[in-house]
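Peer 1: Here you go, sequence then predicted model.
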Amino acid sequence: MDEERLILVPRGNPGLAPLQLNVGGINAAEARISEIAYVNAYKAPELLAVFNRAYLDVMRMLAWLEMEAGTAARQVKLRRSELLLDIAPQKLKDKGLSTSQDLREAVVDADARYQELCEREGCINATQELLKGRAKSLEMAYTSVKKILGDSGRGSPGYTAPTHTPADREADTQPGENVDHSKFFGNAR
């Protein structure tokens, strides 16, 4: 799979394979945000659907990540408890040190497994923040198209369905994009 379409996120439980998030559809929707600058009544419904689908994909991913973040936080707490209750007192005793809170915290901070669990939790949280930003961007794009559509939007009073003429459809194409006129006029030319 294309590297730009896939985000690998560590799972909250270290024993599980990374979570694979396919963001291909989200990338494609974000690439279309620039189309808002020249959206018209013919293109708007399709563009709204694209932004809405991508937003829903992001929200599903955020739900999975929320579950993984909870698991990761529990793993961090469990390891911390294990270190404070079982490992730190023995390590400090072996070194001839008192069991003060600062020294117990130092044992926790120096533990490699605890650090790895904290990094795992941090990675999950960072991915959540990244996706929240992408969701906000898609939501703003959707809202912008709706505002541009204004009163001509479906369901609005006075709405009339647009008529699709070849000139209108050509206006829907990108500059320099080839237009297949046979779909407008049929094969009889």
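Peer 2: Okay, I see it.

Peer 1: so Thr71 makes contact with Pro10?
Peer 2: No. In this structure, Thr71 is not within contact of Pro10 by CB atoms under 8 Å, at 10.6 Å. (Each C-beta comes from the backbone N, C-alpha and C, glycine too.)

Peer 1: my read is Ile7 is in a strand, agree?
Peer 2: Yes. Looking at Ile7 with DSSP: H, G, I helix; E, B strand; the rest coil, it is inside a strand.

Peer 1: which residues sit in contact with the spatially most central residue of the chain?
Peer 2: With distances taken as CA atoms, centre = their mean, the residue of the chain nearest its centroid is Leu131 (2.9 Å). For Leu131, the contacting residues are 58, 61-62, 65, by CB atoms under 8 Å, 6 or more residues apart in numbering.

Peer 1: So if I had to pick from Thr71 and Pro10, which one is more boxed in?
Peer 2: Using other CB atoms under 10 Å, the more surrounded residue of Thr71 and Pro10 is Pro10, with 21 against 18.

Peer 1: For that one, give its distance to Glu121.
Peer 2: Applying CB to CB, to the nearest Å, the value for Pro10 to Glu121 is 9 Å.

Peer 1: which residues do those two both contact?
Peer 2: Ala72.

Peer 1: Of the contacts of Leu131, which belong to helices?
Peer 2: Mapping the contacts of Leu131 onto helices (DSSP state H) picks out 58, 61-62, 65.

Peer 1: What about these, which one has the most neighbours?
Peer 2: Top of the ones in helices among the contacts of Leu131 by neighbour count (other CB under 10 Å): Val58, with 25 neighbours.

Peer 1: Please verify my assumption that it contacts Ile26.
Peer 2: Yes. Applying CB under 8 Å as the test, Val58 and Ile26 come out as touching, 6.0 Å apart.
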